[in-house]
Every structure is written in structure tokens, then in C-alpha cells.
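K.L.:
dropping the sequence and predicted coords here.
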Amino acid sequence: TNNQQPITNNQQPTTNNQQPTTNNQQPITNNQQPITNNQQPTTIKIDQLIAKGSIDLSQGVLNLEPVQVELEDAVLGYQGQLSLAKEAGVFYVNNLSLDTLRHFAAIPDNIQGKLNLRGDLGGSLEENLATLQIQGGEISFEDATFNNQPLEDIKSEFSYANSRLNFNTIQPSSLQAQGQLPFPIVPGTSDRFNIDAKLDTEAIALIGLFTQGLVEWEQGETELELAASGRIKLAEQLELQDLVAKGGVSFNETIFTSSQLPEKLYLDGKVDLNNQRIAVEELEGNLADSQFSITGVLPLLEPLDINNQSQPLTIAIAPGKINLQGLYKGDVGGEIVLTGTALSQPEIGGELNLAYGQVFIPEFITNQQPPQDTIPASSNPGVQTNNRSPLPGLAINPRFNNFHVVLGNRLKIQPLPIAQFQFTGDLTLNGPILEPEKLAPAGTIKLRRGYIELFDNEFYVTRNPQVSQEITFIPNRGLLNPDIDIQLGAVISDSTGSRNFLEREEFGNRNEIRDTSQLVLARPQQIKVNLNIEGEGKQLLALLAIDDTQGDSCQLNEDLINSTIEGGSYYSPTELQKLETCLQYAYLEDKSNFRLLGSSLVTLTSVPSLSETEITALLGNSLLNTLEGIQQSSEDGDIVNQIIGFTFTRFVVGPLLRDITFTFEESVSSVGRSVGLSDLRVLPIAEGIYQVGEDAFVGLSYDYFFNEVRVRYEVRF
């Protein structure tokens with residue numbers, strides 16, 4: 001018969017699990033999501049159905065000449081015989097877009113194109129797919145784009161018989177692949193695969209599309225050859241068993257770029273794959289002006305036998321500079337050794353040397369909220385943990401295996417808005433790389449120089465032999481919770497007897513009545529204050545961190561500080577607002593000073609001896625003096641230049657001079673302690689202090705400028 005008529009909305013087809021649809025449903029559109037098991041069936045409009053043929057009831061054969069469906073822009077059809085015992089016919093699919101296919105299957109949105117498919121159908125459906133056959137199959141993927149970038153048309157021949165799909169690509173010439181895949185997969189019966197592939201430079205150049213810009217090919221010649229066979233195991237994660245693979249990748253002056261690296265990666269050499277091992281005779285590279293070479297062997301699935309004499313895969317890094325965004329910027333060198341297996345658990349060992357650079361604290365640390373003093377050592381606030389694999393869909397879990405990091409000279413920690421440190425030391429790391437909260441570090445970091453800022457005073461690292469000035473990492477405590485033993489010191493001028501700040505509400509009422517009848521001295525009293533930090537470091541890191549808004553506001557532009565134009569200075573409202581915000585954070589709104597002093601990690605001592613409340617008041621006086629200076633600047637007329645000058649002095653000149661002065665005074669003080677004095681200083685006056693008891697001291701000083709000698713004896717009650 002010849003029954004040709006279009007199906008209207010009243011004649012909708014149904015699927016195996018779907019109920020017939022009603023007139024109230026609308027045709028599906030291209031922007032709808034793929035149907036999942038949790039979604040309701042969606043109506044799909046069929047533009048035209050052509051069914052032409054006959055039925056032979058005696059033989060149980062349906063003759064189709066042809067049956068054809070027009071679905072959006074696609075045409076699907078079959079011409080030939082259909083029966084349970086025997087199929088013989090031709091099927092075809094023309095112009096089937098991926099948007100149309102998304103009505104039936106979940107396909108990523110970033111790939112587009114049209115499929116064309118044809119083949120000769122034979123065999124039988126009486127038992128299972130094992131007897132079904134497809135001969136002379138052709139498939140093509142045309143007008144394709146990936147991440148909105150065009151791709152060459154891909155064409156391939158295929159066939160299906162004995163539960164195995166055979167394929168052989170025809171186009172493009174840069175991509176040649178052939179092989180056999182089991183379908184359906186039956187463990188132990190139909191689970192073996194084999195693939196031969198060759199990719200030329202044109203195909204490798206598309207790597208950026210499939211890594212979403214993480215790795216981009218820029219120039220050079222690259223070729224990949226691979227021959228692999230084995231068994232496929234279906235599990236939560238794809239597993240390959242009995243894998244046999246050989247081939248290689250060659251690089252000829254190839255340049256890659258990455259969104260994670262600010263510099264280009266240069267590669268020249270060859271990587272071989274043979275006997276389930278990655279083998280490199282010589283691969284040279286360059287990253288950020290740092291030369292490196294790779295040699296050795298890394299197995300794919302099975303670790304090397306302990307008696308195997310093959311050299312493990314080794315990356316030798318020549319001394320040079322590198323900039324790893326958000327992690328490290330500075331000098332680098334050493335040897336990194338890869339052991340384990342490439343496709344299951346690669347292990348990274350060896351030694352890496354860092355020096356003359358900046359180490360950036362990862363965001364998962366600085367984004368933590370300030371913890372309470374009672375936080376247990378095993379907790380990890382701010383770190384989200386789960387039981388999912390770090391790389392979903394792949395059973396690859398890279399780990400550190402006695403990876404030794406040597407911290408050389410002039411290393412700094414960034415960004416800590418109220419602190420700067422230079423340090424040396426070494427660490428040995430073990431544990432999963434992709435889960436830093438589970439790392440097990442061992443080693444010690446020693447502070448060489450640095451400061452913490454409290455109430456407009458910089459406390460610098462002291463040279464007290466009784467304090468180790470070390471941060472010690474213990475494996476079972478994790479990377480975020482080392483032991484800290486640090487002392488920092490500052491010399492503070494007390495011009496007001498700490499009266500002003502003691503009147504602030506934070507310190508409450510005092511029973512002490514100070515003697516104000518004494519003569520006003522020619523020069524303010526100099527008091528040495530020590531800030532001792534001892535305890536677990538996880539709490540300290542959270543106390544020192546402030547949010548991104550504060551940090552960004554205080555990144556002062558050099559042009560903003562020095563920019564002057566004849567007849568006046570001109571600054572945009574945005575620049576002035578940024579400067580104002582920085583000053584507010586620095587002097588009015590930043591609560592980290594109080595959080596730090598209130599922590600059980602921190603104790604304050606002084607020479608001469610003062611209580612912690614008096615020391616805090618002494619520190620606060622300098623803050624009030626700074627605020628008064630800002631207010632005075634606003635009364636001097638040229639508010640912009642006054643504040644700019646103040647800011648330059650405060651953030652640039654002041655810290656530099658205080659660092660130099662304190663370092664010199666520390667050396668002098670060490671000499672004084674060696675002869676029995678509690679303290680000895682020569683700037684801005686020559687003064688020696690001898691501690692008589694816990695609450696009494698004697699001081700002798702000489703003021704160069706005023707030619708004044710002073711003897712003091714003080715007893716505290």
C-alpha cells in the first residue's frame with residue numbers, strides 16, 4: 001500500500017517508557033535540555049512520515065519501499081525487508097543535527113554539527129545483537145564546531161558483526177584511526193578492544209578546543225602514534241585491563257601555552273610508549289626561561305618491579321625563574337622524580353629548590369573564617385571535603401612520595417596584608433596532591449626577617465637566642481597546622497604615658513593612679529616591646545588574612561603617589577576613593593589587630609616591664625597620633641597632596657627606615673645581654689637597662705641631642 005500522510009499534533013509517537021501525549025503539549029525546541037530519567041516525556045513534532053511497502057503474512061516479512069521520517073531538518077529512513085528471522089535492507093540518516101539528537105540523549109552543549117549515516121543491514125533479531133550485521137557502513141560529522149571553533153569534516157567507514165564494531169577513518173588526513181570495540185560489553189566474552197591511531201600536527205593543534213584553553217598549541221611540529229589493545233571493565237570509573245600499548249609522541253620545536261602558566265612551554269624531543277611503559281630518552285624543554293630535560297621510564301598500569309634497574313622518569317630543572325600564578329614566583333631548580341603508574345597512581349618525589357621569590361598562600365587558607373582558640377588540630381575549617389574522586393570518571397590519584405622542597409634565601413610569603421616574612425628551611429611532602437588538606441608535611445621553616453603590623457607599629461623578627469623563630473610541620477597535623485615559635489619586637493615611643501589610649505572603652509577602668517607631677521622629659525621614653533607567638537599555626541593564618549576588598553584597596557599605584565602637574569595635582573574620583581578606603585581599613589575598620597592580641601597564641605612583654613594592657617595602650621597611642629596627623633592634613637588646605645605624601649611616608653619610607661633601625665638595635669641589644677643588661681640601645685639615645693626584679697629596674701641613659709644624662713629607678717606595685 002501507499003500510505004503517505006504527515007503526522008499532526010494529534011498523532012504523536014510514543015517511546016517504550018512514555019505515555020501518549022496530548023494536544024496541550026508543544027513541540028520541543030532546540031534550547032531544551034536532554035531528557036533524563038527524572039524528566040517527563042516531551043512531545044517532538046514529526047514533520048512527515050512516509051510508509052510504503054507490503055506485508056507477507058505467510059513468511060512473516062515486512063517489505064518497506066521505503067519508510068521515511070522527516071524530523072526537523074533530518075531525514076531517517078529504511079528500505080528493504082524486516083523480520084525476526086532475517087533482515088536485508090539499507091538504512092540512512094541524513095542531516096541529523098546534534099540539537100535534534102539532544103532530544104534523545106545527553107550531549108554537551110559546546111559541540112555542534114550534523115551527522116550523516118548509512119549502511120546495509122543484515123542478520124537476525126531472533127536471539128540477540130550477536131547475529132545482527134552491518135556492512136558497508138559510512139558515517140560523517142559535518143559543519144562541526146567545538147567551543148564555537150570550526151572543525152574539519154570527519155568521515156569514517158564502519159561495520160558491525162559478532163558484537164564488535166569495526167571502524168576506519170577516511171577524513172581528515174591529519175587524523176587516522178582504526179580499530180575494534182566490543183558492543184555490548186560482556187565481561188570475559190566480549191570485552192576486548194584494539195585501536196591504532198595517528199595524529200599529525202593539524203590534529204594536535206586542536207588540543208586547545210578540547211581542554212577549554214588550559215593547553216594551547218602555538219607552533220612547531222607534533223606527531224602522535226598509538227597502538228593499544230586490552231579489555232574494558234565497566235565500573236563506576238572506566239578501567240582498562242591487560243593493556244598492551246606502544247607508540248610515541250614527537251615534538252619538533254613545539255610551543256604550547258597554558259592559561260595556568262604566564263610563559264610559553266617549549267618542547268623538543270620524543271616520548272616512546274612500549275611494553276606498557278612511557279620511555280623518554282631525551283626530551284628538552286623551556287618554561288619561563290628555565291631549562292629542563294626529561295629522561296627515564298614510567299609504567300602505565302603496573303609499577304616497576306623493585307629489582308628493575310630502569311631509571312624512573314626524571315625532570316631535571318636547571319636554575320632559572322618561574323611564575324606559577326597564585327602559588328610561586330621566583331627562582332627554581334632541582335630534580336623531580338615520577339614513579340608509580342601513569343594511569344592509576346603517579347607518585348612525585350625528588351627535590352625542588354626555591355629561592356629569591358614569593359610564595360602565595362592558597363585561597364583555601366586565606367578564605368577561612370577566624371577560628372576559636374579551641375579548634376581541634378584535626379579540623380579543617382573552610383575546606384570542603386567529600387568522598388568523590390578528585391578526577392571524576394578517571395581513577396587517577398597523583399600523590400607526593402617524599403617530595404623534598406628546599407627553601408633558600410630571600411623567600412617571602414604573599415599576600416599577608418599586615419605581615420611580611422622572609423624565610424628558609426625545607427619540607428618533605430607526602431599525600432594526595434589534589435587534596436592539600438590531606439597532605440602530610442615534615443620539616444622546619446626558619447624566619448630570617450619580617451614583621452607583623454599592630455596599631456601602626458611594625459614588629460620585626462628578633463634575634464633572641466632563646467627563641468627558635470621556627471615553624472615546624474608535623475605529618476599527622478597536616479599542612480595547615482604547624483607548631484609556631486616566633487618572637488617579634490619593636491621600640492615604641494611613649495610621649496603621653498599611655499594615658500590617651502587607656503581611656504578607650506576597650507580597656508575599661510583601671511585602679512592605678514599615675515603620678516603626673518614629674519617633669520616633662522626632653523625626649524619621649526623608649527620602650528622595647530616583644531610580641532611572642534607560640535602555638536598551632538592554623539589559627540594564626542586565619543587571623544592575619546583579610547578579605548580581597550581590603551587587599552585590593554591598599555595596592556597603591558606609583559603614578560598615584562608621584563603624579564604631579566604644574567599648577568596643581570589632578571586625581572580621578574576613583575583613585576581618591578581607593579586611597580580613602582585603604583586608610584579606613586588600615587586605621588579605623590581593621591579588627592585583625594584586636595583578634596591577634598586576643599588570641600591565646602600571643603603574649604606581649606616589654607623592657608621596662610609593663611602589663612599587657614599597658615603595652616596595648618602604648619601601641620594604641622601611635623594609632624591615635626596617626627589619625628590626628630590625617631585630621632591635621634585635612635586642615636592644611638591641600639588635602640590631596642597632604643594625604644598622598646602621608647601615604648608614601650607611611651607605606652614606603654617608614655617601614656624601610658624602621659626595618660633598618662630595628663635590625664641595628666637588635667645587634668646592639670645582643671651585646672648588652674651578653675654583659676648582663678636587660679637591654680642596651682644607642683639610637684636615638686644611648687641607654688642601658690638592668691632588671692632588678694620582676695617589678696623593678698634601673699636605667700642609665702645619655703641623650704646626644706640635648707646633652708642630657710638621666711638615671712631612672714622604677715618600681716611597680
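P.N.:
That came through fine.
K.L.:
with adjacent residues omitted, what lies nearest to G248?
P.N.:
Excluding the flanking residues, the one nearest G248 by C-beta to C-beta, 6 or more residues apart in numbering is D272, at 4.4 Å. Where you see a C-beta, it was placed from the backbone N, CA and C, and this is true even at glycine.
K.L.:
then the helix or strand hosting that neighbour to CSV, C-alphas only?
P.N.:
D272 is part of strand 261-274, with elements assigned from DSSP states H and E. Provided in CSV are the C-alpha atoms of strand 261-274 (Å, rounded to 0.1, in the frame of the first residue of the first chain):
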residue,chain,number,x,y,z
LEU,A,261,51.2,29.5,33.1
PRO,A,262,52.2,33.1,32.2
GLU,A,263,55.1,31.8,30.0
LYS,A,264,55.2,29.6,26.9
LEU,A,265,56.3,25.9,27.1
TYR,A,266,58.9,24.8,24.6
LEU,A,267,59.4,21.1,23.8
ASP,A,268,61.8,19.3,21.6
GLY,A,269,62.3,15.5,21.6
LYS,A,270,60.4,12.2,21.6
VAL,A,271,58.4,10.2,24.1
ASP,A,272,58.0,6.5,23.4
LEU,A,273,55.3,4.1,24.6
ASN,A,274,56.3,0.4,24.6
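K.L.:
tell me which residues of that strand are tucked away?
P.N.:
For strand 261-274, a neighbour-count test (16 or more other C-beta atoms under 10 Å) marks L261, E263, L265, Y266, L267, G269, K270, V271, D272, L273 as buried.
K.L.:
can I get those residues in TSV including pLDDT and distance to K52?
P.N.:
Formatted as TSV, those follow (pLDDT from 0 to 100; distance: C-beta to C-beta, whole Å):
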residue	pLDDT	distance to K52
L261	70	62
E263	78	65
L265	89	61
Y266	92	63
L267	94	60
G269	94	62
K270	94	59
V271	94	57
D272	94	58
L273	90	54
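K.L.:
and the contacts of the strand holding D272?
P.N.:
218, 220, 226, 245-258, 278-289, 294, 300, 322-325 (C-beta atoms under 8 Å, 6 or more residues apart in numbering).
K.L.:
mind giving me the PyMOL select for those residues, buried ones only?
P.N.:
PyMOL command restricting the contacts of strand 261-274 to the buried ones, with burial defined by 16+ other C-beta under 10 Å:
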select buried, resi 220+226+245+247+248+249+250+251+254+256+257+258+278+279+280+283+285+286+287+288+294+300+322+323+324
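K.L.:
in strands, which of the contacts of strand 261-274 appear?
P.N.:
218, 220, 226, 245-258, 278-287, 294, 322-324 (DSSP state E).
K.L.:
please enumerate the helices of the stretch 1-150 of the chain.
P.N.:
Ranges of helices in the stretch 1-150 of the chain, per DSSP state H, counting those that start in this stretch, are 98-101.
K.L.:
buried residues in stretch 92-106, which are they?
P.N.:
Buried, per 16+ other C-beta under 10 Å, within stretch 92-106: Y92, V93, N95, L96, S97, L98, D99, T100, L101, R102, H103.
K.L.:
between those residues, which is closest to S611?
P.N.:
R102 (72.7 Å; C-beta to C-beta).
K.L.:
relative to I111, how far out is that closest one?
P.N.:
Here the criterion is C-beta to C-beta, to the nearest Å. By it, R102 lies 10 Å from I111.
K.L.:
tell me where the protein has helices.
P.N.:
For the chain, the helices defined by DSSP state H occupy 98-101, 201-204, 207-210, 363-366, 499-502, 537-544, 548-553, 558-562, 573-584, 592-598, 612-634, 639-648, 654-674.
K.L.:
how about the contacts made by L209?
P.N.:
Counted by C-beta under 8 Å, 6+ apart, L209 has contacts F146, N147, Q149, L151.
K.L.:
how about a cut-off of 10 Å?
P.N.:
By C-beta atoms under 10 Å, 6 or more residues apart in numbering, the residues touching L209 are N110, I111, T145, F146, N147, N148, Q149, P150, L151, E216.
K.L.:
look at the nearest residue to R712 once chain neighbours are set aside and say how many residues are nearby.
P.N.:
In space, and not counting its chain neighbours, R712 is closest to G699: 4.2 Å by C-beta to C-beta, 6+ apart. By other C-beta atoms under 10 Å, 21 other residues sit near G699.
K.L.:
for F183, same thing?
P.N.:
F183 has 12 nearby residues by other C-beta under 10 Å.
K.L.:
is it true that it touches F167?
P.N.:
No. With contacts counted by C-beta atoms under 10 Å, F183 stays clear of F167, the gap being 11.4 Å.
K.L.:
now do the shared contacts for these two.
P.N.:
Counting by C-beta under 10 Å, 6+ apart, the residues touching both F183 and F167 are Y160.
K.L.:
okay but I433 is in contact with G349, surely?
P.N.:
No. Using C-beta under 10 Å, I433 is not in contact with G349; the gap is 11.9 Å.
K.L.:
who's more crowded, those two?
P.N.:
G349 (21 against 17).
K.L.:
contacts only, for the more buried one.
P.N.:
G349 makes contact with 312, 314, 335-340, 399-404, 428-430 under the criterion C-beta under 10 Å, 6+ apart.
K.L.:
need the pLDDT of it.
P.N.:
At G349, the predicted lDDT confidence score is 96.
K.L.:
what's opposite it in the beta bridge?
P.N.:
For G349, the beta-bridge partners under DSSP bridges are V337.
K.L.:
now it: how far from G220?
P.N.:
30 Å.
K.L.:
one more: I50?
P.N.:
From I50 to G220 the distance is 53 Å (C-beta to C-beta).
K.L.:
same thing with V461?
P.N.:
48 Å.
K.L.:
low-confidence ranges, the stretch 201-350 of the chain, go.
P.N.:
Residue ranges of the stretch 201-350 of the chain with pLDDT under 70: 212-213, 236-238, 260, 262.
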